[in-house]
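Engineer: next come a sequence and a model predicted from it.
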Amino acid sequence: MFLGTHAPRLDDKGRLVLPAKFREGLAGGVVLTKGQDRSVVVWPAAEFASYAERLNEASRSDARVRAYLRLLFSGASDEVPDRQGRISVPQALRDYAALDREVVVVGNGNTCEIWDSTAWTDYVAGQEEGFSDLREEVIPGVL
């Protein structure tokens, strides 16, 4: 499980040193995809494969499904962390998430996300009040 907020930096070649706490869970390889909030989602390769199998059960006659699958898979990149725990973030994904040098890597349960540090700060500020005011079920059967 990936937890916490970490602040590594992207180097000049677009490489990111994964947080030490995340390296074991990502050592077998990762898949980087576009996140829905202008972030980059980092999936353990096995977790992404499982997700992709579930997606293949969706009806491709639905235009929304086709659009989602096209954007998800066309922007995806598989990587294997090097000995220093670094991965390369492709330029297209850096552009999508407006990643420059200052980034944060946030745990999100079975995935983690890479955000521009300012965008993350703004996102959290915009969500904090709503989070503390939750009074109804958000995730059916769970929250």
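Structural biologist: On my side now, so go ahead. Quick caveat: nothing in here was measured; it's all calculated off a predicted structure. Residues are numbered from 1 along each chain as shown.
Engineer: C-alpha from now on. contacts and neighbour counts both.
Structural biologist: Fine.
Engineer: now do the helix or strand where residue 68 lies: which elements does it pack against?
Structural biologist: Using DSSP states H and E, residue 68 sits in helix 63-74. Under the contact criterion of 3 or more CA pairs under 8 Å, 6 or more residues apart in numbering; DSSP states H and E, helix 63-74 touches strand 30-34.
Engineer: and the pLDDT for the nearest residue to residue 76 once chain neighbours are set aside?
Structural biologist: In this structure, residue 76 finds its nearest non-sequential neighbour in residue 33, 4.5 Å apart by CA to CA, 6 or more residues apart in numbering. Per-residue pLDDT puts residue 33 at 98.
Engineer: do residue 68 as well
Structural biologist: Value for residue 68, per-residue pLDDT: 94.
Engineer: ok, it - how many residues close by?
Structural biologist: As a burial measure, residue 68 scores 12 neighbours (other CA atoms under 10 Å).
Engineer: taking strand 30-34 as reference, get the angle to the helix or strand hosting residue 112.
Structural biologist: In the assignment (DSSP H and E), residue 112 maps to strand 111-116. Interaxial angle of strand 111-116 relative to strand 30-34 (axes from the mean of the first three to the mean of the last three CA atoms, to 10 degrees): 50 degrees.
Engineer: and strand 111-116, what does it pack against?
Structural biologist: Using 3+ CA pairs under 8 Å, 6+ apart, strand 111-116 is in contact with strand 40-44, strand 103-108.
Engineer: can you redo those strands as TSV with mean pLDDT, distance to residue 62 and mean neighbour count?
Structural biologist: Output for these, formatted as TSV (pLDDT from 0 to 100; distance: least, CA to CA, whole Å; neighbours: other CA atoms under 10 Å):
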stretch	mean pLDDT	distance to residue 62	mean neighbour count
strand 40-44	98	24	25
strand 103-108	98	28	22
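Engineer: out of those, nearest to residue 121?
Structural biologist: Evaluated with CA to CA, those place strand 103-108 nearest to residue 121, the distance being 9.5 Å.
Engineer: pairing partners for the closest one, with directions?
Structural biologist: Strand 103-108 pairs in its sheet with strand 5-6 (antiparallel), strand 111-116 (antiparallel), by DSSP bridges.
Engineer: just say which of those is most tucked in.
Structural biologist: strand 111-116 (a mean of 24; mean count of other CA atoms under 10 Å).
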